[in-house]
Structures are given as structure tokens and as C-alpha cells.
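Peer 1: dropping the sequence and predicted coords here.
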Amino acid sequence: MFRAAARAAVRAGEEAAGVRKALEGAPTQAAGTLSPEELERYSRQLVLDGWGEAEQVALRESSVLVVGAGALGSPVASYLAGAGIGRLGVLDDDVVELSNLHRQHLHLTPEVGLPKVHGAVARLQLLNPEILVEPYQVRLDADSADGLVAGHDLVVDCSDGFDTRYALNAACCRAGVDLVEGGVVGYGGLVMSIRPYETACYRCAFPQAPPPGSQPTCAQAGVLGPVAGVVGSLQALEAMKLLAGLDGALLDAFLQVDLASAAVVRVATARRPECADCGDES
Amino acid sequence: MVAVLDVTELRCPMTWVRTKLALERLDPGGVLEVTCPPGEALDNVPRSAREAGHAVTVDGAVVRIVRAR
């Protein structure tokens, strides 16, 4: 259904472009079509069966917020920028540390001590000058989440704390904004896509955060860079599926990966009517 | 009405990218005639179109594709 509508939009855009061209006597780029540069840049995804101009234009017209420019945010933001998300916000209030660099490839050694968003945004903008990359050098918490989520079509959670995760889940539910959750620790991680009020949210699947102190943080437990790369890449792929309307997103389910043993498990989950974030009373 | 496309100035995979996108704009049953450069594209464009399920005939440098779905 989405694709039929998107195709109609492409055709309508083309017709509009034809009218504008005739009126102005100069070549113009139609709203629903891709420029020759975009065709070349995205050619290796455009050739795919199931991915075409409508899907590519859907990405270009999307606005995505990546929360966290660290181990998960690096692959997520890189792949989403490369894929052609029209407006990409990158949020992080931290500075680059030497101990980040083994897993956070958006940052370089000379940038140690500098704000993460600075180098990250500059690099992403160089990767794809066709899109708009916006830095948010702020902390996302329960107070700021609503304002930061507003105006985006989708949020990718690349943060590393349960407070941020639950604040973001609640804010995305309130705003009806799609969310791709992700977490990584040690040799494993988790990915989950959420369409608020249609599919299980993060709190439906995990009603309560682990008690303080019971869950090792990234800093305490350590993580191998490629493990974060796998989980972040899965998150980027989920975001693209949701934005382009592809089938097969991780909705009402989460993927648990244990990369020490190379095991992947898809766990089904469902909405809970008593959920504090998306339930009947919320 | 038959849609036409000239990809003689392009190289693989752009020859198929342009063809695929032109086909996406047609309704099922719509016809696209693609003028290809000799060589690789004249092999690849018909093959890719057939693999995508479309009906294909080739007449010289012109590949005629009937959109299947």
C-alpha cells in the first residue's frame, strides 16, 4: 500500500517538475525524483529488488535523530548518512576519550578531548553532502526528551544507560515517533524496532530497568568494537526498513545476539495493556 | 504508449539503475524501450529485466520490456 502511494507521489512529482520546467524554461529537480548525482551515489541500493526510487525518496524526506555518537552511534549515523536520510540529527554531550576509539570509528585520535558531535557531524557531512547533518551537544533526559524527539520521523537509541533508554521510549510513545532500540555489552547485544501504539514498546518488553548496580555499564564490562558494529549496523538497517516501508522489521520482537558463540535469537514480544508508556492508562 | 530510454552513454550498473527506475514508473503491462550501448549492457539489461520477471525482446540495440508487476 505504501509503495503504491509512494509511486503515485513519484509520478505526481515528475508531472509537477515537467510543469515547472515548462514554465521556467530551466531544468529543475522534481520533489519526488532523484537527481543524476543521487542516482549515482545510491545506485548500489537502487539496483536491489525491493528498493527503488520511491524508497530512496522516502529516506530523503525523512528526519532521523541518532541519540549517542559512540559505539552504536558511529555505525548507525555513518550508514544512515550514506544511505541518504535527508535530515540526520546526532546527539551527544560527551567528549572523545582515548578509550573510545577502538569501537567508535566516527572519532579520531587528534580529537581526544573535543566534543564528539563536532568531528562526527563534520565527517558525516563530508560523507554525504546531499543531506543535512545537525549536531545536538546536549544531554537527553526525562526533561529534555520530548523537545528533542519532536520533529523527527524516527529515533535510533544509541545511548548507554537505562535512564536515557526509558526516557526516550516514553517520549517516542508520547510523540508517536518510531524508535529503534539497541544495546551492547561484552560480546552481545540486543536490537528492537518499535511503532508506538501499534507494536510492543521497549517498556512492554522490559517493564523495569535492572536494579542499580546489577547491570554492568559499558565502562565496567567492556565491549569488543565489532560487536557494537554488528548491533549498530542492525539498528541502521531496521531504521531504513521502517522509513522505506519494507517488510520484515523487528516489530513485536527483539533480536538477541551472542557473538561470542555466534548465536542469534529472535524473541517474540507483545504490547501490554498495563504498560506505563503505551498502555491503556498512559 | 511506449516509454523510451537511452542509456548509450552509461555504464553498468547505471544502465540497469535507469532502466529499473523507468520501469517502476510504468503500470503493469506498460512497455519500455531501452536503447543500450553494445557490449556488457546489451547482455545485462535484458538479463536483469528477465530475472525481475518482465517479458523481454531484443531488436538490435533496443531492448523492449513489458512490465510484469
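Peer 2: Cool, the structure landed. Numbers count the residues shown, from 1 in each chain, chains lettered A, B, ... in the order given.

Peer 1: and residue A:183, what does it touch?
Peer 2: A:72, A:160, A:165, A:189-190, A:231 (Cβ atoms under 8 Å, 6 or more residues apart in numbering or on different chains). For every residue, glycine as well, the C-beta is placed using N, CA and C.

Peer 1: who wins on neighbours among the residues you listed?
Peer 2: Within the contacts of residue A:183, most neighbours by other Cβ atoms under 10 Å in any protein chain shown means residue A:72, with 33 neighbours.

Peer 1: can you pull the contacts of the nearest residue to that one once chain neighbours are set aside?
Peer 2: Leaving aside its sequence neighbours, residue A:72 sits nearest to residue A:158 (Cβ to Cβ, 6 or more residues apart in numbering or on different chains; 3.7 Å). Going by Cβ under 8 Å, 6+ apart, residue A:158 touches A:66-73, A:76, A:182, A:232, A:235.

Peer 1: in strands only, show me those.
Peer 2: A:66-67, A:182 (DSSP state E).

Peer 1: and the strands in chain B?
Peer 2: Using DSSP E, strands in chain B cover B:2-6, B:31-35, B:55-59, B:62-66.

Peer 1: just give me the least confident of the contacts of residue A:183.
Peer 2: Lowest pLDDT within the contacts of residue A:183 is found at residue A:160 (88).

Peer 1: in a helix, that one, correct?
Peer 2: No. Residue A:160 is assigned coil when assessed by DSSP: H, G, I helix; E, B strand; the rest coil, not a helix.

Peer 1: wait, it touches residue A:70, no?
Peer 2: Yes. Using Cβ atoms under 8 Å, residue A:160 is in contact with residue A:70, at 6.7 Å.

Peer 1: got a winner among the ones in strands among the contacts of residue A:158 for most neighbours?
Peer 2: Neighbour counts for the ones in strands among the contacts of residue A:158 (other Cβ under 10 Å) peak at residue A:66, which has 35 neighbours.

Peer 1: quick one: contacts of stretch A:36-50?
Peer 2: By Cβ under 8 Å, 6+ apart, the list of residues contacting stretch A:36-50 from outside reads A:34, A:51-53, A:56, A:60, A:83-84, A:128, A:130, A:246, B:13-14, B:16-18, B:20-21, B:52.

Peer 1: mind redoing it with 10 Å?
Peer 2: A:3, A:29, A:33-35, A:51-53, A:55-57, A:59-60, A:82-84, A:128-130, A:240, A:244, A:246-248, B:10, B:12-14, B:16-21, B:24, B:48, B:51-53 (Cβ atoms under 10 Å, 6 or more residues apart in numbering or on different chains).

Peer 1: out of the ones in strands among the contacts of residue A:158, who's nearest chain B?
Peer 2: residue A:66 (28.1 Å; Cβ to the nearest Cβ).

Peer 1: list the contacts for that closest one?
Peer 2: Counting by Cβ under 10 Å, 6+ apart, residue A:66 makes contact with A:72-74, A:76-78, A:80-81, A:85, A:88-92, A:120, A:124, A:133, A:136, A:152, A:154-159, A:180, A:232, A:235-236, A:239.

Peer 1: what number of residues lie near whichever residue of the stretch 151-282 of chain A sits closest to chain B?
Peer 2: Nearest residue of the stretch 151-282 of chain A to chain B, counting by Cβ to the nearest Cβ: residue A:244, 13.5 Å away. A count of nearby residues for residue A:244, using other Cβ under 10 Å, gives 22.

Peer 1: I'd like to know how far the closest residue to it other than its chain neighbours sits from residue A:247.
Peer 2: Closest residue in space to residue A:244, ignoring its immediate chain neighbours: residue A:55 at 3.9 Å, by Cβ to Cβ, 6+ apart. From residue A:55 across to residue A:247, the span is 12 Å (Cβ to Cβ, to the nearest Å).

Peer 1: which one of those two is surrounded by more residues?
Peer 2: Neighbour count, other Cβ under 10 Å: between residue A:55 and residue A:247, residue A:55 has more, with 24 against 6.

Peer 1: secondary structure element for the more buried one?
Peer 2: helix A:53-60 (DSSP states H and E).

Peer 1: now do the strands in the stretch 151-282 of chain A.
Peer 2: Per DSSP state E, counting those that start in this stretch, the stretch 151-282 of chain A carries strands over the ranges A:154-157, A:178-185, A:188-194, A:253-258, A:263-268.

Peer 1: list the buried residues for stretch A:180-200?
Peer 2: Buried residues in stretch A:180-200, counting neighbours by 16 or more other Cβ atoms under 10 Å in any protein chain shown, are found at A:180-185, A:187-196, A:199-200.

Peer 1: from the opening residue of that stretch to its closing one, how far?
Peer 2: In stretch A:180-200, first residue to last residue: 12 Å (Cα to Cα, to the nearest Å).

Peer 1: all set, thanks.
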